[in-house]
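**Student:** I need the structure of the sequence given here:
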Amino acid sequence: MRILVIGGAGYIGSHVVKSLLQNNVQVRVFDDMSTGQAVNLFKDAEFIKGTILDSDALEHALEGVDGVIHLAAKKAVGESMEYPEKYAQNNLTGAINLLNAMVKKNVKYLVFSSSAAVYGIPQYAQVDENHPVNPINFYGFTKLEMERLMQWYDTLKGIKFVSLRYFNAVGYDAEGDILGLEKNPQNLLPVIMETLTGIREKMAVFGTDYNTPDGSCIRDYIHVSDLAEAHTLALKYLQKNNQSQMLNLGTGRGHSVLEMILETEKLLNKKINYTIAPRRSGDPETLTAIATKAEKLLNWYPQQSDLKNIILTTWAVYQKNG
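**Tutor:** The predicted structure is shown next:
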């Protein structure tokens, strides 16, 4: 089996590539390197530099592959609300280009990097796949539109997909094989690490007036290596069952922003310079997962997503890059 990993030089993509290689899958990486990094590339994976906005390059990259894992979306919630045109072009136009190229090259399997952002403000405590979809930010809108496009291409063109709705990806490969730090990260834990290492002078906590125990937002944090394994299992599921699915990937446990900061301070015995800022547009109060569908269909269970492992594996990479 040969798989094209679009965005395979990025943070999540490189972990996915490692998981595939460990499962004896032939891997071809396609990445424009706008956020991907050469240090994240594996010598056992073929590499093609290119963008999903280039249909000809996509068609070339799809030659001889059995399936695609698509992780090349822009993903900063706040930025998506300020620059929707950037997100529309990359996340939507790029996705349409990919689907059309897959039709042309007769590639029938697609694993898609989606997001819990498709749900919007939760209507009940833990979100399952039956929860209404109603994004409150443009990033989430682009993910939901891609899912709808894939459903049509399934019906009309026979492309079978698994859409993996990530909650919050965190952590790093525990074996130290992936060392590339995210460029201009917007997610909480990398921002904490940049503050600790002096890349940032200070960080902001956006809102402490939410209806949560400490007033800050609560999120479901899942280790990136657990996420990566789910992609490999999703490909196996598609090959065996030839059936499309939407699946949550999360732990079912929530941790607040302030809890993440305090736990990091405790584990590393360091103080984090943070300030309290107003709420950020597009942020739901609490977002945690029910992922029993992925457990049942993929036989997937997060093994590395305890908070201590998440923080320490991340800190180890930031130290190596220091």
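
**Student:** hey, C-alpha coordinates of whichever strand or helix holds I69 in PDB?
**Tutor:** According to DSSP states H and E, I69 maps onto strand 67-70. Output of strand 67-70 as PDB, limited to C-alpha atoms (Å, rounded to 0.1, in the frame of the first residue of the first chain):
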ATOM      1  CA  GLY A  67      -5.100   6.400  -0.700                       C
ATOM      2  CA  VAL A  68      -4.600  10.000   0.700                       C
ATOM      3  CA  ILE A  69      -4.300  11.500   4.100                       C
ATOM      4  CA  HIS A  70      -5.100  15.200   3.900                       C
END
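
**Student:** Can you list the neighbours in contact with stretch 186-194?
**Tutor:** Residues from elsewhere that reach stretch 186-194, judged by C-beta atoms under 8 Å, 6 or more residues apart in numbering: 75-79, 168-171, 181-182, 185, 200, 203, 219, 221, 257, 260-261, 264, 272, 310-311, 314-315, 318. Bear in mind the C-beta positions are built from the backbone N, C-alpha and C, glycine included.

**Student:** Stretch 221-229 too?
**Tutor:** Identification of contacts with stretch 221-229 by C-beta under 8 Å, 6+ apart yields 11-12, 15-16, 18-19, 164, 166-174, 189, 249-251, 255, 260, 300, 302-305, 307, 309-310, 313.

**Student:** quick one: T195 from K308, how far?
**Tutor:** 19 Å (C-beta to C-beta, to the nearest Å).

**Student:** The two: who's more crowded?
**Tutor:** T195 (21 against 10; other C-beta atoms under 10 Å).

**Student:** how about the strands in the stretch 101-250 of the chain?
**Tutor:** Here the stretch 101-250 of the chain has its strands, by DSSP state E, counting those that start in this stretch, at 109-115, 126-127, 160-166, 168-170, 203-206, 218-219, 221-223, 245-249.

**Student:** E285: which of the ones you listed is closest?
**Tutor:** Closest to E285 of those is strand 218-219 (C-beta to C-beta; 7.2 Å).

**Student:** Let's see the PyMOL selection covering just the buried ones among the contacts of stretch 221-229.
**Tutor:** Of the contacts of stretch 221-229, the buried ones go into a single PyMOL selection, burial set by 16 or more other C-beta atoms under 10 Å:
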select buried, resi 11+12+15+16+18+19+164+166+167+168+169+170+171+172+173+189+249+250+251+255+260+300+302+304+305+307+309+310+313
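
**Student:** Keep only those of the contacts of stretch 221-229 that are in helices.
**Tutor:** Judged by DSSP state H, the contacts of stretch 221-229 include Y11, I12, H15, V16, K18, S19, L189, M260, L307, N309, I310, T313 as members of helices.

**Student:** looking at the strands of the stretch 101-250 of the chain, which is closest to A101?
**Tutor:** For those, proximity to A101 was assessed by C-beta to C-beta; strand 109-115 is nearest, at 11.1 Å.

**Student:** State the distance from D220 to L307.
**Tutor:** The gap separating D220 from L307 is 12 Å, by C-beta to C-beta.

**Student:** anything in contact with each of those two?
**Tutor:** Common neighbours of D220 and L307 (criterion: C-beta under 8 Å, 6+ apart): H255.

**Student:** Might one say that I261 is in contact with I272?
**Tutor:** Yes. Using C-beta atoms under 8 Å, I261 makes contact with I272 at a distance of 5.4 Å.

**Student:** Look at these two and report which has more neighbours.
**Tutor:** Legend: neighbour count by other C-beta under 10 Å for I261 and I272, higher for I261 (21 against 17).

**Student:** how near is the more buried one to M146?
**Tutor:** 33 Å.

**Student:** what does Y318 give?
**Tutor:** 32 Å.

**Student:** between the two, which one's more packed in?
**Tutor:** Higher neighbour count among Y318 and M146: M146, with 26 against 19, using other C-beta under 10 Å.
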